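>>> Generate a structure from the sequence data that follows.
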Amino acid sequence: MKAYTLCLLALAALSSARPNPSGGEDGESGQGQGHHPSEIKNQENYEKAKHTHSTNGGHHGGGDHPGSPATTAFPTLNPVTGGYGGANTAGYAGAATGGNQPPAPTSSTVKGDRGSQSFGSGPSGVAGSGPVSSGTSSAGNTTTGGTISKGKITLPAGCQSVNGIGFGWLPDYNGASLAKDESAVGNKNPCFAGYYGQTGLPGWNDGAQITDNIADATSGGKPYPIFVASVMPQGTSFDQITEGSAVVTSIANAMTKLTAAGLTVFLRFAHEMNYYDGSGIYTGSAEEFSSAWGAVSTAVKDIPGVYMHWSPNSDSAADLVSSGWYPAQGTVDIIGIDVYPSGGSDFAGIYQDFCQHWPNIPFVIGETGSKGGGSTSDKHAWLQQLTSTAALQACPNYLGFSWFEYLKGVDFRIATGGNTAYEGIL
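Numbers count the residues shown, from 1 in each chain. All right, here's what the predicted structure looks like:
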């Protein structure tokens, strides 16, 4: 990675130290698996920090956690009309048990109090009705005419997948792009493209930190990938995120701009809340997080094409529920969990406890990679696990994942920069 003045922090040693919120998190021993790259931005001199990252940090639950991309560079906004659209349909929810309880296992046909949407590729400027598929198998995704569905959620037609599992990228801010990632694997359109933004830092710019990635996300043409918007309330405490507040309005406006450009959006709000809150990056209690989540969910629920993606850091499902980090019933459209496992890990051992706790909610991994960057063989082996039929057997609600294609002190990349770990899989 190129060195940039004032914004690239040194990679912390793999340790069991407590989090260091000044620029990422130091490694913390515990239950989780391996390396987790933080998305913490360098707050100082953000204009000079474009395309750069802080690099110290750790994974809550074991391993090292290198900082985060600095303030996003702002390409010219290039909205594209048409593409994905569709009618609201019934969402996922279990029996109403109240409080911060997960949905009880129910049929996927049970209607929740917050609808999710199904989106298909329509003519330019026209909302599509969505690919039609009938149900899902007990150990796999429904595939109809090249389209992959899980319940009411449908991936872009013909997007890059392996064994019915959607694949996506988190493009590096350091001079990389989604187009470069796609080119490295033969110009295949990914199912997901992930980007980060921080609501309380100067770069947020009323949501432009997110929406200025429209040009990158749509650069490969239609069908566009699902835009995974990781909106971090860094510099904004949970208790400030209320219905009608300026920050909630800016988030909703950003989501509207994304969908107007033809993008389906997974709103990964306050991801890794159970880790960043303890590190000082997020501020507030689990109860306040749930309230903030509810305010954001309410603000975007009537925007067609926006799904709420709950994505904690590595922990057991039971602990996440008992500690209050699971939001109110009917407000979660997609579940996910961030883990960067060590070599030799298997998919079921990492994810099965989590995904099966909420069997009727689609499971999408918002980001992953190999611990400490990993060797080529480690990355190849983990990529094989993520795309295996065994993964669908362990998690029948598994829809796909995004790879953290970053060079940040260590090399997480599988395809760009001369890396070849993807070969034979993607």
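>>> Low-confidence regions, the stretch 1-150 of the chain specifically.
For the stretch 1-150 of the chain, the stretches with pLDDT under 70 are 1-146.
>>> residue boundaries of the strands in the stretch 151-300 of the chain?
Along the stretch 151-300 of the chain, counting by DSSP state E, counting those that start in this stretch, strands occupy 153-154, 161-162, 165-171, 192-198, 226-232, 265-267.
>>> How many residues are close by the residue nearest to residue 328 when sequence neighbours are not counted?
Once flanking residues are discounted, residue 328 sits nearest to residue 294: 5.7 Å by C-beta to C-beta, 6 or more residues apart in numbering. From N, CA and C alone the C-beta is placed, and that goes for glycine too. When counting by other C-beta atoms under 10 Å, one arrives at 17 neighbours for residue 294.
>>> and residue 294, what does it touch?
Neighbour list for residue 294: 327-328, 331 [criterion: C-beta atoms under 8 Å, 6 or more residues apart in numbering].
>>> Tell me which of these has the lowest pLDDT.
Least confident entry in the contacts of residue 294, by pLDDT: residue 328, with 93.
>>> Three-state assignment for that one, please.
coil (DSSP: H, G, I helix; E, B strand; the rest coil).
>>> Make CSV out of the strands of the stretch 151-300 of the chain and add distance to residue 315 and mean neighbour count.
Below are the strands of the stretch 151-300 of the chain laid out as CSV (distance: least, C-beta to C-beta, whole Å; neighbours: other C-beta atoms under 10 Å):
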stretch, distance to residue 315, mean neighbour count
strand 153-154, 24, 27
strand 161-162, 27, 20
strand 165-171, 21, 26
strand 192-198, 21, 27
strand 226-232, 18, 28
strand 265-267, 20, 27
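>>> and of those strands, who's closest to residue 276?
strand 226-232 (7.4 Å; C-beta to C-beta).
>>> Convert stretch 181-191 to CSV, retaining C-alpha atoms only.
Output in CSV follows, covering the C-alpha atoms of stretch 181-191 (Å, rounded to 0.1, in the frame of the first residue of the first chain):
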residue,chain,number,x,y,z
ASP,A,181,-11.9,-5.9,-9.3
GLU,A,182,-14.2,-7.1,-12.0
SER,A,183,-11.5,-6.9,-14.6
ALA,A,184,-9.2,-9.1,-12.6
VAL,A,185,-11.7,-12.0,-12.7
GLY,A,186,-12.8,-11.6,-16.3
ASN,A,187,-15.2,-8.7,-16.2
LYS,A,188,-18.0,-10.6,-14.4
ASN,A,189,-20.7,-8.4,-12.8
PRO,A,190,-20.7,-9.1,-9.0
CYS,A,191,-23.9,-9.5,-7.0
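>>> Show me what that stretch is in contact with.
148, 155-156, 158-161, 166-169, 171, 178, 220-221, 223-226, 400, 405, 415-416, 422, 426.
>>> give me that answer again for 6 Å
The contact list for stretch 181-191 (C-beta atoms under 6 Å, 6 or more residues apart in numbering) reads 155, 159-160, 166-169, 171, 220, 225, 400, 405, 415-416, 422, 426.
>>> Can you give me the buried ones in stretch 232-245?
232-236, 238, 240-241, 245 (16 or more other C-beta atoms under 10 Å).
>>> quick one: which of these is nearest to residue 307?
Checking those against residue 307 with C-beta to C-beta, the nearest one is residue 232 at 17.7 Å.
>>> any idea how far residue 403 is from residue 228?
Counting by C-beta to C-beta, to the nearest Å, the gap from residue 403 to residue 228 is 12 Å.
>>> Go through the contacts of stretch 181-191 and say which is closest to residue 206.
residue 171 (22.7 Å).
>>> Distance check, the closest residue in space to that closest one that isn't next to it in sequence against residue 329.
With sequence-adjacent residues excluded and distances taken as C-beta to C-beta, 6+ apart, residue 171 is closest to residue 178, at 4.8 Å. The gap separating residue 178 from residue 329 is 35 Å, by C-beta to C-beta.
>>> What of residue 225?
Taken as C-beta to C-beta, the span from residue 225 to residue 329 is 29 Å.
>>> between those two, who's got more neighbours?
Under the criterion of other C-beta under 10 Å, the comparison of residue 225 against residue 329 puts residue 225 first, with 27 against 21.
>>> Might one say that the more buried one is in contact with residue 192?
Yes - under the criterion of C-beta atoms under 6 Å, residue 225 makes contact with residue 192 at 5.4 Å.
>>> quick one: the helices in the chain?
Assigned by DSSP state H, the helices in the chain fall at 178-184, 208-211, 214-217, 246-260, 273-279, 286-300, 317-322, 347-357, 376-386, 389-394.
>>> Worst mean pLDDT among these?
helix 273-279 (a mean of 93).
>>> List the buried residues for that one?
273-279.
>>> just to revisit the earlier point, hmm, the residue nearest to residue 171 is touching residue 172, no?
No - contact criterion C-beta under 6 Å: residue 178 and residue 172 do not qualify, at 10.1 Å.
>>> on that earlier part again, as a markdown table, the strands of the stretch 151-300 of the chain with mean pLDDT would be great.
Shown next, in a markdown table, are the strands of the stretch 151-300 of the chain (pLDDT from 0 to 100):
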| stretch | mean pLDDT |
| --- | --- |
| strand 153-154 | 94 |
| strand 161-162 | 97 |
| strand 165-171 | 98 |
| strand 192-198 | 98 |
| strand 226-232 | 99 |
| strand 265-267 | 99 |
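>>> mind listing what residue 355 touches?
Applying C-beta under 6 Å, 6+ apart, the residues near residue 355 are 363, 395, 397.
>>> next one: residue 177
171, 216.
>>> and it, how far is that from residue 403?
From residue 177 to residue 403 the distance is 15 Å (C-beta to C-beta).
>>> Thanks again, I'm all set now.
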